[in-house]
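>>> Sequence unavailable; structure follows:
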């Protein structure tokens, strides 16, 4: 038994070597770097040699150039940028001497992304092989006696499919706030995208369909985000942002999180946040596909008399509740304001301010890999709870209405 337990422990231990196999039988072994409390790290220079690429410094960024693309790392952050995509990694990149060590997840999830069809990853042996992964083995499911109702449920137990739109704030030529205490080079648009992609992954894993307003660093006009990406089949629109304050005495000590739904601003601070986020409209590009007319007056009439106002408030309250479990800043509560991005929504919609970039602790939470995953996981949990509650109400109503 002891030998078996020892064997299991060894098999589950973190890999110490990365094996890279290239076409033509060229192979490389790269010794991984182990840091206490972190996963294995890959030294970038030998990885570049194994991939037939090179490493260069470009200002604050370290760039790995390969035949399958260029990957930019910002040392000290959990971010990798390629093309117009910014992606969070489960750990930060570390400068070590004249080299950079990056999380092994970069190899497993980014380099070996199946959509690239450039490399494939075998986690059990820590082998990266050149070429597309073999097609997955298809197994025809056997006939089962499970009831149709149970089979149709998602991993979260939903009785029907749900669709949620996640909107990473800003993007492209609109950087959002400059991120006063963010690592140099990161701005609001990068953090909102990284967290939003994690929220998407959490929801998809629980059987929720997700539509993103953007998955790359690009500009989407404010007035088009909800109308284009959250139509009648959408259950909820969630816009994710980072707060900030203009300089004034003590402003860097203010921290916390808040969630808004559409209405007239009820406080000076809510009006300030709405003005700040609405300034993004100046980046909007002229186009031939304007947002539907109607605007705030239409929404107020519909929201105040209908279920959407209550549902939006309910979603906002749940997000605040779940964020309070992982955010040690002040719970600023649920607020109302006239955000342009919510103005054109025709479905329940909320806007989340995850924290203040002008506060050092909030900024550290929002830019660390652990902090981003916690924020994203709990925003997703709140959305799941919201969907379950509203699904139950809908089903109860339909059942009570049945003869």
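Ah, there it is. Since we're looking at a predicted model, the values are computed, not measured.
>>> how about the strands of the stretch 201-350 of the chain, start to end?
In the stretch 201-350 of the chain, the strands defined using DSSP state E, counting those that start in this stretch lie at 209-212, 236-243, 257-262, 331-337, 349-356.
>>> Go through those strands and pick out the most buried.
Of the strands of the stretch 201-350 of the chain, the one with the most neighbours on average (mean count of other CB atoms under 10 Å) is strand 349-356, at a mean of 28. Every residue, glycine included, has its C-beta placed from N, CA and C.
>>> Sheet-wise, list the partners of that strand with their directions.
Its sheet considered, strand 349-356 pairs with strand 236-243 (parallel), strand 257-262 (antiparallel) by DSSP bridges.
>>> Mean pLDDT lowest where, among the ones you listed?
Mean pLDDT values for those show the minimum at strand 257-262, a mean of 91.
>>> quick check: angle from it to strand 331-337?
20 degrees (axes from the mean of the first three to the mean of the last three CA atoms, to 10 degrees).
>>> Distance from strand 257-262 to the middle of the chain?
Averaged C-alpha coordinates place strand 257-262 at 18 Å from its chain's average position (CA atoms, centre = their mean, to the nearest Å).
>>> Contacts for that strand next, please.
With CB atoms under 8 Å, 6 or more residues apart in numbering as the test, strand 257-262 has contacts from 243, 270, 273-274, 296, 299, 303, 309, 312-313, 315-317, 319-320, 323-324, 327, 329-339, 342-343, 345, 349-355.
>>> For this structure, which residues score under the pLDDT cut-off?
For the chain, applying pLDDT under 70 flags the ranges 1-13, 84-88, 133-156, 159, 263-266, 284-306, 392-403.
>>> could you redo the last one with a cut-off of 50?
By pLDDT under 50, the low-scoring segments of the chain are 1-12, 137-139, 141, 144-146, 288, 290-296, 298-299, 301, 303-305, 403.
>>> So which residues of it form helices?
Remark: helices assigned in the chain by DSSP state H are 2-12, 44-51, 104-105, 148-151, 188-205, 222-229, 268-278, 295-305, 307-323, 340-343, 360-367, 369-401.
>>> quick one: contacts for the closest residue to residue 315 other than its chain neighbours?
Leaving aside its sequence neighbours, residue 315 sits nearest to residue 386 (CB to CB, 6 or more residues apart in numbering; 4.7 Å). Contacts of residue 386 were listed using CB under 8 Å, 6+ apart, and they are 236, 311, 314-315, 318.
>>> go again using 7 Å as the cut-off
For residue 386, the contact set (CB atoms under 7 Å, 6 or more residues apart in numbering) comprises 236, 314-315, 318.
>>> got a winner among those residues for most neighbours?
Within the contacts of residue 386, most neighbours by other CB atoms under 10 Å means residue 315, with 29 neighbours.
>>> That one: what's it in contact with?
Contact analysis of residue 315 by CB under 7 Å, 6+ apart lists 236, 348, 350, 386.
>>> Assess the claim that the first one and residue 348 are in contact.
Yes. Proximity of residue 236 to residue 348 meets the contact threshold set by CB atoms under 7 Å, at 5.3 Å.
>>> just to revisit the earlier point, kindly present the strands of the stretch 201-350 of the chain as a markdown table, with separate columns for distance to residue 64.
Converted to a markdown table, these look like this (distance: least, CB to CB, whole Å):
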| stretch | distance to residue 64 |
| --- | --- |
| strand 209-212 | 26 |
| strand 236-243 | 28 |
| strand 257-262 | 35 |
| strand 331-337 | 40 |
| strand 349-356 | 29 |
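>>> so how far is stretch 337-348 from its chain's centroid?
Distance, stretch centre to chain centre, for stretch 337-348: 21 Å (CA atoms, centre = their mean).
>>> Could you do stretch 199-215 as well?
Remark: stretch 199-215 is offset 9 Å from the chain centroid, using CA atoms, centre = their mean.
>>> Now do the end-to-end distance for that stretch.
12 Å (CA to CA, to the nearest Å).
>>> go on, stretch 314-333?
12 Å.
>>> Pull out the buried residues from it.
314-323, 326-327, 329, 332 (16 or more other CB atoms under 10 Å).
>>> got it, and stretch 271-279?
So for stretch 271-279, counting by 16+ other CB under 10 Å, buried means 273-274, 276-278.
>>> Equivalent analysis for stretch 173-187, please.
By 16+ other CB under 10 Å, the buried positions in stretch 173-187 come out as 174-177, 179-183, 185-187.
>>> Over to stretch 361-373?
For stretch 361-373, by 16+ other CB under 10 Å, it's 361-363, 365-369, 371-373.
>>> and what of stretch 58-78?
With burial defined by 16+ other CB under 10 Å, the residues of stretch 58-78 counted as buried are 62-66, 68, 71-75, 77-78.
>>> How about residue 165: what's its closest non-neighbour residue?
residue 230 (4.0 Å).
>>> Same check on residue 64?
residue 71 (4.5 Å).
>>> any idea how far the one you found lies from residue 83?
Distance, residue 71 to residue 83, by CB to CB, to the nearest Å: 9 Å.
>>> Could you do residue 55 as well?
18 Å.
>>> of those two, who's got more company?
Between residue 55 and residue 83, residue 55 has the larger neighbour count (other CB under 10 Å), namely 20 against 11.
>>> who does that one bridge with?
Counting by DSSP bridges, residue 55 forms beta bridges with residue 64.
>>> Surely it and residue 43 touch.
No. Contact between residue 55 and residue 43 fails when scored by CB under 7 Å: they sit 9.9 Å apart.
>>> Mutual contacts of the two, please.
What both residue 55 and residue 43 touch, as defined by CB under 7 Å, 6+ apart, is an empty set.
>>> quick revisit: looking at the buried residues of stretch 173-187, which is nearest residue 17?
For those, the minimum distance to residue 17 (CB to CB) is 30.2 Å, reached by residue 183.
>>> Excluding chain neighbours, what is closest to the closest one?
In space, residue 183 is closest to residue 77, 4.6 Å off (CB to CB, 6+ apart).
>>> what sits against that neighbour?
So residue 77 contacts 92-93, 183, 186, 367 (CB under 7 Å, 6+ apart).
>>> Residue 16: neighbouring residues, count only.
When neighbours are defined as other CB under 10 Å, residue 16 has 11 of them.
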